[in-house]
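Participant: Need a 3D model of the following:
(chains A and B, ligands or ions: 2)
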Amino acid sequence: MAPTSHSSPPKIEELEPRWRLTRRTILRGLAFVVAAVGLPRFGSAIARAIAPPTLQPIGPLEFFTDAEYAFVAAASARFVPANDTGPGALEADAPRYIDRKLAAPGGGAAAWYMDGPFEPGMPTQGWQVDLTPAALYRRTIPQMNNAAKNLYGADFKDLSAANQDALLTAMQKKELDADSIHASLFFATLLNDTIEGLMSDPLYGGNKDFIGWKMIGFPGVRYNWLPWLDHEGEPIDLPIVGMYGTAESYGARMRKGTGP
Amino acid sequence: MRHKPPVDAVICGFGATGVLVAEALTRAGLSIVALERGPMLNTAPDFQPSVMQDELRFQNRHGLMVQPRLSTQTFRHNASETALPIRRVGAWQIGLGVGGSAVHWAGQCFRYSPNEFRLRSQFEHQYGPGIFPQDMTSQDWAVTYDELEPYYDRFEKLLGVSGQAGNIKGRLIEGGNPFEGPRSDEYPNPPLARVKATRMFDKAAREMGLSPYPCPAAQASRPYTNPLGVRMGPCTFCGFCSGYGCGNYSKSSPQTSVLPVVLQRSGLELRTLSVATHILMSGKGKDRRAKGVVYVDAQNEEWVQPAEMVFVCAFTMDNVHLLLVSSAGTAYDPVSGTGQIGRNYAFQIWGYANFLFKERFNPFIGAGALGQIVDNYDCDNFDHAGPLVTGKPFVGGGYVALFQYGTPPIAGSSFGSGETAVWGAELKRKIREEYHHVQQVQSMGANQSYRDVFLDLDPTYKDSFGRPLLRVTYDIKPNDHRMSNFLVDRCVEIGRAMGGTLLDRNSRKGPFDVTVFQTTHNCGGTIQSATPDKGAVNKFGQMWEVPNIFVYGASQFPQNAGRNPTDTVGATTLFGLDEVTRRYLPSPAPLVDA
Ligand SMILES: Cc1cc2nc3c(=O)[nH]c(=O)nc-3n(C[C@H](O)[C@H](O)[C@H](O)COP(=O)(O)OP(=O)(O)OC[C@H]3O[C@@H](n4cnc5c(N)ncnc54)[C@H](O)[C@@H]3O)c2cc1C
Ligand code: SF4
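Facilitator: Numbering: from 1, shown residues only, chains lettered A, B, ... in the order given. Ligands and ions are numbered 1, 2, ... in the order given. As a prediction, the model looks like this:
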């Protein structure tokens, strides 16, 4: 080893390299995805989770059956309803976002640790069921439709708004949980996914026409807010933009003929 | 297993500390290999605005963080429970890829108070030994503030920290933090600009007789060139900061401070997508040495990288994990209280109170360290036996602050969780009416160490390399609950003085919740100590039991302080590395006599 000695801590200027480059450092690093795809043992799952999204036009349902979609659409309309203040999660296509999320490899759990044994644990120990989010939706929607029929005589989608709210409340308050029925976990997952679908960049399939961002008053992703730092918090009057531009450009690319 | 040609040193993990090791050792002329389990990441193309400003991908889906599929821990509250795997990213969010967690950190870059380094003696001296519960194992550090000061200074200059000095060589400066230890110099950059909310906090705190100061920010407030010649541009408050990489060369990270220089040096070979799975050990007792590191590369091939020295720079959790799975050092046994690896694990008790204001804030504008702070309630800056503390006095404290980090829309639309999650017309009303009018006053509470809070290997669950997962046994104890309640009471006072209406407060009651993100300020497990019976490493980061292994990062902290760790992580690393280059390289031996 080449010894170096300092009589006192080196001054900051001495941190400059003492010698210059002789050979380029070998950089094995590749870009995000390309490299990660080559990881058979641990990489592919991770690559899927973090791979850059691509803008794909909305077409037929990718994961849900029509019946499942009807349930999710009805629930999303209760989670963030359309009312006199404007459209809600359903109008923003949040359910289409969820459909696409669950259709992805791994059913929404590609990057999770899903080895057994599975034990119930405490709520503060987190997700401990042997189900991916996709499997949780697939299994729980019929269970909740059964509960709706038993309690109110019809599928969830056909209930009155008040009865839908009562059923959702029962799910949230763990009143419908049973051995193989994870109603409260499903409730939390569905609410979370609905908000993601309302508020994420439209390229993921939801937040149609920036309905979510208009609702919250978010002018979009901009890189420089310096001119507005001393703006006293007043509303900023700029057209909303996402990573791919304005509502028009998303509308044209994601929903052919269904632009705003 | 195939062998690579031997090198002088191998670094496991290429984040905040790993790049500092590479800088020091290449400067000393050594040949080194750095192993990083994640990909190469750089400002261009990885952090560009068209890539980065994606809340779903980087916050909700943890795009820059290590995913449990690759690395996770099991968790239980105490030894009578069965630990279960953390299956999704939860309470902490550890980095993956070159730069580590210091790519997506918030950049709040604080020094510790001088008395933090002598916590046990200071509190015993002031309040009597009785203030320490029997099971509390918090202890003095091996290093002192005065020893670290030049290295804090150096680290802050490498990072281009923007801040307001409060104490230069004993002279107090108006507008800075009057409680800070004496600094040898100003911050390299002036503090960040303020926004309405931080001005309101400042005014209210000042009127209450407190001493607010701007958060030392690892975001450049102006164009800056650091001592290595690496340049940064001024922060534009894009608001996609904590949780994201900066596309603007404005947030200090390994990419904007050290990497551009170090990657040019001929002594370094960086191998990304390479997971260090074991340290290769040999010998017994006094002759126990590391011979190199076993790692798995992107082609799934296992390699031996022989080396004279091993630097463990893999963040707290993986530092401890790597040592335990390699039997490097003696594992901690909470029953007998013997062994050092895994002892004194601690987290951060982060509390807050949310307030509704009539003022409007545009909360999407922000930067990770855009905030105002008071230190009046940290460490021993206040009388723990005085009138402010109702009930039994506690050890520790923390800062109280208001940050405007930048709240993107998904985070701004989630209110409550579980049975209290808000939905329906009320959720819509809150989204429409509260997002622009809510501010949070928060406390970064210390966390003491305890005999039965520790890290070890899980008996059941394994990772994809067949290694047992690291098991975390952790809960918040009464002392720390009292401290956190005290701090959140102070948050409430300040928020009210600002004119806010309290919406909710959280001082972390009940059992620790591993599902809710709090901070990534995990610490301890390979703590530094003055003598080998009290810790795993000496004050230079050298293992007492294996003198050619050096461990850097917050795993050296004997307990957690009431503030963010990274300035102290950087300073302790630079302090250790100086001694390594000065004394260890010429004659490899223990740097402190046992
Ligand atoms: C969201 C977030 C916000 C934060 N904000 C702040 C803040 O405001 N202020 C502050 O002071 N601190 C903050 N921190 C903490 C800060 O990021 C860390 O203190 C700092 O990065 C620690 O440096 P490190 O070198 O120990 O670990 P890291 O920087 O995380 O580097 C460790 C590296 O080791 C790699 N690695 C791990 N295991 C292996 C293995 N087996 N083989 C190969 N490579 C491996 C990892 O991939 C990683 O790149 C924050 C952290 C997070 C996640
Ligand atoms: S807020 Fe500033 S430092 Fe942070 S990512 Fe944006 S430009 Fe970079």
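
Participant: Chain A contacts on the stretch 201-350 of chain B?
Facilitator: B:227-229, B:236-240, B:247-248, B:261, B:263-266, B:268-275, B:296, B:298-300, B:308 (CB under 8 Å from any CB of the partner chain). From N, CA and C alone the C-beta is placed, and that goes for glycine too.

Participant: The same query, at a cut-off of 6 Å, please.
Facilitator: For the stretch 201-350 of chain B, the residues in contact with chain A (CB under 6 Å from any CB of the partner chain) are B:227-228, B:236-238, B:263-264, B:266, B:268-269, B:271-273, B:298, B:300.

Participant: How about the host helix or strand of residue B:74 and ligand 1, touching?
Facilitator: Per DSSP states H and E: residue B:74 is located in strand B:73-76. No. Judged by CB under 6 Å from any ligand atom, strand B:73-76 stays clear of ligand 1, getting no closer than 12.2 Å.

Participant: Partner strands of whatever helix or strand comes next after that strand and their direction?
Facilitator: Note on strand B:73-76: by DSSP H and E, the next helix or strand toward the C-terminus is strand B:84-85. Strand B:84-85 pairs in its sheet with strand B:73-76 (antiparallel), by DSSP bridges.

Participant: And the pLDDT at residue 223?
Facilitator: Using chain A here. Looking at residue A:223, its pLDDT stands at 91.

Participant: wrong chain, I was asking about chain B
Facilitator: Turning to residue B:223, the model gives it a pLDDT of 98.

Participant: Now for it: which residues touch it?
Facilitator: By CB atoms under 6 Å, 6 or more residues apart in numbering or on different chains, residue B:223 lies in contact with residue B:233.

Participant: next one: phi and psi at it?
Facilitator: phi -60, psi 140 (degrees, to the nearest 10).

Participant: Would you mind measuring from it to residue B:266?
Facilitator: 30 Å (CB to CB, to the nearest Å).

Participant: Next: residue B:275.
Facilitator: In this view, residue B:275 and residue B:266 are 25 Å apart by CB to CB.

Participant: which of the two has more neighbours?
Facilitator: Per other CB atoms under 10 Å in any protein chain shown, whichever of residue B:275 and residue B:266 has more neighbours is residue B:275, with 26 against 16.

Participant: Torsion angles phi and psi at that one?
Facilitator: Main-chain dihedrals, residue B:275, degrees, to the nearest 10: phi -100, psi 120.

Participant: how many other residues sit next to the residue lying closest to it once chain neighbours are set aside?
Facilitator: With CB to CB, 6 or more residues apart in numbering or on different chains as the criterion, residue B:275 has its nearest non-adjacent residue at 4.3 Å, and that residue is residue B:37. For residue B:37, the neighbour count with other CB under 10 Å is 26.

Participant: Residue B:37 looks like it's in a helix, true?
Facilitator: No. Residue B:37 is assigned coil when assessed by DSSP: H, G, I helix; E, B strand; the rest coil, not a helix.

Participant: If we go by neighbour counts, what in stretch B:272-292 is buried?
Facilitator: By neighbour count with 16 or more other CB atoms under 10 Å in any protein chain shown, stretch B:272-292 contains the buried residues B:272-281, B:288-292.

Participant: ditto for stretch B:554-569
Facilitator: For stretch B:554-569, using 16+ other CB under 10 Å, the buried residues are B:554-569.

Participant: Can you confirm whether it lies near ligand 1?
Facilitator: Yes. Stretch B:554-569 is in contact with ligand 1 by CB under 6 Å from any ligand atom, via B:554, B:564, B:565, B:566, B:569.
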